[in-house]
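Colleague: Generate coordinates for the sequence data below:
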Amino acid sequence: MLYFITSTIFFALALGISRWYSFTLPLGAGLFAAIMLTSAYKVLSGRGVTWKGRSYHTQKEN
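Modeller: The predicted structure follows:
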């Protein structure tokens, strides 16, 4: 984790953007991973996903 933050600080400075983005990148990546894992769990457990008031379920194979 420390290597990840250190390397993103280096790239942020090289690109001329604020180094504070380096600290928010792991937070955003963790949030994205949590959303994806929750969605995958819901689909694989058969509960499906709800989006905009609609429910999407996987089709059962015969």
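
Colleague: ok, now how distant is Ser55 from Leu13?
Modeller: Ser55 sits 46 Å away from Leu13, going by Cβ to Cβ, to the nearest Å. From N, CA and C alone the C-beta is placed, and that goes for glycine too.

Colleague: Quick check: which element contains the most centrally placed residue in the chain?
Modeller: Nearest to the mean C-alpha position of the chain, by Cα atoms, centre = their mean, lies Phe32 at 1.3 Å. Assigning secondary structure by DSSP states H and E places Phe32 in helix 21-44.

Colleague: counting contacts, what elements does that helix pack onto?
Modeller: Contacts defined by 3 or more Cβ pairs under 8 Å, 6 or more residues apart in numbering; DSSP states H and E place helix 21-44 against helix 2-15, strand 49-51.

Colleague: 6 Å - rerun?
Modeller: Identification of packing neighbours for helix 21-44 by 3 or more Cβ pairs under 6 Å, 6 or more residues apart in numbering; DSSP states H and E yields helix 2-15.

Colleague: what mean pLDDT does the helix it packs on have?
Modeller: For helix 2-15, mean pLDDT is 83.

Colleague: tilt between it and helix 21-44?
Modeller: Angle of helix 2-15 versus helix 21-44, following axes from the mean of the first three to the mean of the last three Cα atoms, to 10 degrees, is 120 degrees.

Colleague: Flag every buried residue along helix 2-15.
Modeller: 8-9, 12 (16 or more other Cβ atoms under 10 Å).
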